[in-house]
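Student: Predicted structure and sequence below. I'll ask about it afterward.
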Amino acid sequence: MSKSVTLLNQRFTPQHYVLSLSPDKQKMSFEGTVIISGKKIGQPTKRLTFHQKGLKVTKATITRHDKKGDQELRVTRINAHKAYDEVRLHTDQTIYPGNVTVRLEFSGKITRQMNGIYPCFFNHDGEQKKLIATQFESHYAREVFPCIDEPEAKATFQLTLTTPEGETVLSNTPPEKQDTTNGLTTTTFEKTPHMSTYLLAFIYGEMGYEQSKSKSGTQVRIYATASNVALTDFALDFATKALDFYEDYFGIPYPLEKCDHIALPDFASGAMENWGCITYREQALLIDEEHSPLSMKQRVAMVIAHELAHQWFGNLVTMRWWTDLWLNEGFASWIEFLAVDHIFPEWNVWTQFLVDEQQQALKLDALEHTHPVEVPIKHPDEIRSIFDTISYSKGASVIHMLQDYLGAEAFRAGLKHYLKKHEYGNTDTVDLWRALEEISGKPVMDFMHAWTSTSGFPLVNAEVENNRARITQRRFYVNPPEKPGEQLWPIALQTTESTEEESTFDQASLALTLKDPDHFLINQGSAGFYRVSYNSSHMQRLGSQIQKGHVPPEDRLGLLADIIETAKAGKTSTVDALEFVSHFEDETDYAVWDIIAGVLGSVRLVMHEEEIREAMKPFVRHLVAKELERLGWEKKDDESHFDSLLRPVILGIAANVDDPETVEHAKALFKKAHDVEDISADIRRGRAQDSKQVKRGNSIDSDLRSVVFGTVARLGDEKTFDKLVELHRNAHLSDEKVTIAAALTSFRQEKLIKRALGMIKSEDVRLQDVAYWMAYSLMNRHAREITWQWIKDNWDWLEENLGSDLSFYRIPIYVARVRSDKEFIKEYKAFFEPKLSPSFERAYNQGLEMLQWQSAWKDRDYKEVLTLFKNRK
Ligand code: BES
Ligand code: ZN
């Protein structure tokens, strides 16, 4: 393992924790004791070291157990070591290897940072209330109790919590005993499985739930604050089915009696897989059958499927060190699609996988400052920077490729073997390859190693002439560096020819004789993690195949994404790419349209000037005309899932190019919805009990609300702004708030842009949502300068309030991705360079590269693109 962090687990291995905590909601502090039994290993020493951060350790005893009995050692000094997040217990006696018990007393603070122990705020019956929750991943258990806070230091935990009488108290396991005296309830939970510290959790406060049972008898509950309990039906049904699915798929029973899913009003990420006690931000779990858009339903299913997958992949078998975080996150990000596809086959999620996971990963991995899926972690502060698209989406994409290579059944059998072999243990990437190899008999390690151990991916180029194809591979960069990498990958070419000789292509070049050159296509099915470019005449041939309807959606979207991305890099012509887009006038597939929308969006964003935005309007209107006509504004009773998802995409594209009818329709819908609306004083005070009783502009179809709000905002005035502010205040669902935030940040007037930015620090916006506001406001071309200034002016506030949040470290990327002017690079550097730290560095470099390729693309192709649009009326 290449890391310079010393593992405390190699000096003392914990086996069992007896932990008692008494948090105080009012004082925002807690006190606790912990008894850690474990084994001292390695060299004899005079001290024991544990992780802790921000705790005051007031008392410590060390007891050694050996054949002669127990021996208490004198603790002479308790030393907090800030730089290492450690507490060191010194004795004047030598501690020899063997069984040791340590008892510590400590106290700490509850802060609003949404890590460790933190408060969640909500309103019920007009009263402000608080829940107390925890978030320990990646390394925040140490902020709550002294421990060996490393994924490999697995132990069992017995937690006792003291909380106010009458409140719901949850942790990983069910309560074993509970007593109440003097208004305080003391709950001792059953011993947890042997697990990592980052998976421990507890929550208490006023909550309600709905419940059901899985096939094998596990109790499944969805918890939420009182006014949200009515929104848990969808999650309950899905969570129960998904649990059944995984028990069957993995062939290993879920080991706990219960599995809770808890919606928290304040939550830093999307959700967290604490064993048996999974926590979510509200919009990732709650669905209002009448008012939540379909895309949210799908999202909720995906998140639940993801966190449940971790109960096996992550919780039962855990990465040895953060270097292999991808084993957790990449795998869960892949199998969530398998579970959702099983439960909702009509949703077609595997095509969406290519857009949402694979294409996103290919984009980030095209930068020089990407990182390998297996990423060295030298400093704990780097951990947060790897919860990114590489660990998640590239991880998922290489798993997808591997399943394609092994076949679904061999892959599943290999996984079962892996989980059984390593249950309650820790692994690294090689352990997974080995297990899959043992079952499949295929050279998994040889095939996969390059994809996870090195950065980037290849661009496969095919020159097709007559019946010959010459194929080469080379690392693909969107921002070509001076010294490109020499790496070659073993590539499953998956061509339409499917001959033996090309089964895996791991050389620099290859010549093929083709039987059917007209249809010749590489990466058929798009399961491979690479891009393909063809000579322009062959590309034209493929374009006409598309028009004839001969190419399936996965291949259409792969071809389209590859041609535009290689054009951004200057490898193919942008004009060719845009010409190619015009073969998609008859396109009806949602996933493919997602790619088209992305192409149009990036041209608008990067080429930027008003002149080009005007010039492209006829081109775009023509492109969407057929779908606009087919889908319209009205949902059909029997339409497909894909059509329902597609409608807002098509309307969004049309509205963005100011298609007059679309814009008028959006305005009319907004007006109609809000003229009749009478927002009762009740909701304004947060007293809306049942969201169904109250009209909140809900006469607008939930799937179309974001287009309607976005359009009226973009073209609206202060009156519209005020209406949206009111809607935002009254929005019951947090997802709805985010939709409205997108609109509130879309106004053109300086005054309104500033008003929106001003809301960020107010009571109106939860800390968990601040990143959306900033990112949205930056996307608004009229607001980007002002927002950039706002970020600079409010940096200290951002750092203080979001500093431990993942989104904080993405700010350089949010800023960079909307700029394509070379002059801005200086400004960017001047601001961020002095702030660089291990957790910032990667995002900073990635942002810098984005600025570079975007400005290079604009400089290189602007004129040609403008001419193309002008000539294509
Ligand atoms: N383990 C993560 C939660 C997490 C993220 C903890 C970052 C610490 C830092 C969880 O399994 C996860 O991946 N959540 C995702 C949602 C998921 C559906 C992709 C998230 O929070 O975005
Ligand atoms: Zn995850």
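Tutor: Arrived safely, thanks for sending. Ligands and ions are numbered 1, 2, ... in the order given.
Student: who in the protein is up against ligand 1?
Tutor: When proximity is defined as C-beta under 6 Å from any ligand atom, the chain approaches ligand 1 at 137-138, 269-273, 302-303, 306-307, 310, 329, 332-333, 387, 806. Backbone N, C-alpha and C define where each C-beta goes, glycine included.
Student: Tell me the buried residues within the residues you listed.
Tutor: The neighbour-count criterion (16 or more other C-beta atoms under 10 Å) marks 137-138, 269, 271-273, 302-303, 306-307, 310, 329, 332-333, 387, 806 among the residues of the chain next to ligand 1 as buried.
Student: Stretch 143-154: end-to-end distance?
Tutor: The separation between the terminal residues of stretch 143-154, taken as C-alpha to C-alpha, to the nearest Å, is 18 Å.
Student: quick revisit: let's see which of the buried ones among the residues of the chain next to ligand 1 end up in strands.
Tutor: Using DSSP state E, the members of these that fall within strands are 271, 272.
Student: where's the dip in pLDDT among the buried ones among the residues of the chain next to ligand 1?
Tutor: For these, the weakest pLDDT value sits at residue 806, with 82.
Student: that older thread, near ligand 2, from the residues of the chain next to ligand 1?
Tutor: Applying C-beta under 5 Å from the ion, the subset of these adjacent to ligand 2 comprises 329, 332.
Student: circling back: ok, which pair from the buried ones among the residues of the chain next to ligand 1 is furthest apart?
Tutor: Pairwise distances across these peak at 21.6 Å for 138 and 302 (criterion: C-beta to C-beta).
Student: Show the contacting residues for the closest residue to ligand 2 within the stretch 101-250 of the chain.
Tutor: When distances are taken as C-beta to the ion, the stretch 101-250 of the chain reaches nearest to ligand 2 at residue 137, 8.9 Å away. Under the criterion of C-beta atoms under 8 Å, 6 or more residues apart in numbering, the neighbours of residue 137 are 198, 199, 272.
Student: Closest to ligand 1 out of those?
Tutor: Looking at these and their distance to ligand 1, the nearest is residue 272, at 4.6 Å (C-beta to the nearest ligand atom).
Student: for the closest residue to the closest one other than its chain neighbours, what are its contacts?
Tutor: With C-beta to C-beta, 6 or more residues apart in numbering as the criterion, residue 272 has its nearest non-adjacent residue at 4.8 Å, and that residue is residue 279. Residue 279 makes contact with 133, 135, 201, 203, 262, 264, 267, 271, 272 under the criterion C-beta under 8 Å, 6+ apart.
Student: Those in helices, which ones?
Tutor: In helices, judged by DSSP state H, none of the contacts of residue 279 are found.
Student: helices and strands around the host helix or strand of residue 77, which ones?
Tutor: Under the criterion of DSSP states H and E, residue 77 resides in strand 75-81. When contacts are defined as 3 or more C-beta pairs under 8 Å, 6 or more residues apart in numbering; DSSP states H and E, strand 75-81 sits against strand 56-66, strand 86-95.
Student: Make TSV out of these and add mean neighbour count and mean pLDDT.
Tutor: TSV is the format used below for these (neighbours: other C-beta atoms under 10 Å; pLDDT from 0 to 100):
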stretch	mean neighbour count	mean pLDDT
strand 56-66	16	96
strand 86-95	17	96
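Student: how about those, which one is nearest ligand 2?
Tutor: Between ligand 2 and the helices and strands packed on strand 75-81, the shortest separation by C-beta to the ion is 27.7 Å, and it involves strand 86-95.
Student: who does the closest one touch, helix- and strand-wise?
Tutor: Here strand 86-95 is seen to pack against strand 45-51, strand 56-66, strand 69-73, strand 75-81 when contacts are counted using 3+ C-beta pairs under 8 Å, 6+ apart.
Student: Identify the residues contacting the longest one?
Tutor: Put plainly, it is strand 56-66. Outside strand 56-66, the residues touching it (C-beta under 8 Å, 6+ apart) are 40, 48, 70-73, 75, 78, 80, 87, 89, 91, 95-96, 98-108, 146.
Student: And the first one, by the same measure?
Tutor: With contact meaning C-beta under 8 Å, 6+ apart, strand 45-51 is reached by 8, 11-12, 36, 40, 62, 81, 85-95, 100, 102, 104, 139, 141-142, 146-150.
Student: tell me which parts of the chain are close to ligand 2?
Tutor: Counting by C-beta under 5 Å from the ion, the chain sits next to ligand 2 at 329, 332.
Student: Distance of the closest residue to residue 325 other than its chain neighbours relative to residue 281?
Tutor: Computed as C-beta to C-beta, 6+ apart, the closest residue to residue 325 that is not its neighbour in sequence is residue 391, at 5.1 Å. According to C-beta to C-beta, to the nearest Å, residue 391 stands 20 Å off from residue 281.
Student: just to revisit the earlier point, check what pLDDT the residue nearest to residue 325 gets.
Tutor: The predicted local distance difference test score for residue 391 is 97.
Student: That one looks like it's in a helix, true?
Tutor: Yes. Counting by DSSP: H, G, I helix; E, B strand; the rest coil, residue 391 is located in a helix.
Student: Pretty sure it sits against residue 324.
Tutor: No. In this structure residue 391 lies outside contact range of residue 324 using C-beta atoms under 8 Å: 9.3 Å.
Student: if you count what's nearby, which of these two comes out ahead?
Tutor: In this view residue 391 and residue 324 are compared by other C-beta atoms under 10 Å, and residue 324 has more residues nearby, 28 against 25.
Student: which residues touch the nearest residue to that one once chain neighbours are set aside?
Tutor: Ranked by C-beta to C-beta, 6+ apart and with sequence neighbours excluded, the top spatial neighbour of residue 324 is residue 428, at 4.9 Å. Remark: with contacts taken as C-beta under 8 Å, 6+ apart, residue 428 is in contact with 319, 320, 321, 323, 324, 327, 374.
Student: Now residue 428, what are its backbone angles?
Tutor: phi -120, psi -180 (degrees, to the nearest 10).
Student: Distance check, it against ligand 2.
Tutor: Taking C-beta to the ion, to the nearest Å as the measure, residue 428 falls 18 Å from ligand 2.
Student: need the helix or strand of the protein with the lowest average pLDDT.
Tutor: Scoring the helices and strands of the chain by mean pLDDT, DSSP states H and E places helix 681-684 at the bottom, with a mean of 42.
Student: next helix or strand past it?
Tutor: Tracing the chain past helix 681-684, the next element assigned as helix or strand by DSSP H and E is helix 705-714.
Student: How far away from the center of its chain is the helix or strand that that next one is followed by?
Tutor: For helix 705-714, the following helix or strand on the C-terminal side (DSSP H and E) is helix 718-730. If you compare the mean C-alpha spot of helix 718-730 with that of the full chain, they lie 29 Å apart, counting by C-alpha atoms, centre = their mean, to the nearest Å.
Student: In terms of secondary structure, what does the helix or strand where residue 674 lies contact?
Tutor: Mapping residue 674 onto the secondary structure by DSSP H and E places it in helix 660-675. Helices and strands in packing contact with helix 660-675 are listed as helix 641-656, helix 705-714; criterion 3+ C-beta pairs under 8 Å, 6+ apart.
Student: could you dump the ones you listed to CSV with mean pLDDT and mean neighbour count?
Tutor: Shown next, in CSV, are the helices and strands packed on helix 660-675 (pLDDT from 0 to 100; neighbours: other C-beta atoms under 10 Å):
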stretch, mean pLDDT, mean neighbour count
helix 641-656, 97, 22
helix 705-714, 96, 24
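Student: Identify the residue of the stretch 351-500 of the chain closest to ligand 2, quick one.
Tutor: Counting by C-beta to the ion, the stretch 351-500 of the chain gets nearest to ligand 2 through residue 392 (7.4 Å).
Student: Surely residue 239 and residue 218 touch.
Tutor: No. Here residue 239 does not reach residue 218: they are 10.2 Å apart, not a contact under C-beta under 8 Å.
Student: Show me whatever sits in contact with both of those two.
Tutor: The contact sets of residue 239 and residue 218 overlap at residue 259 (C-beta under 8 Å, 6+ apart).
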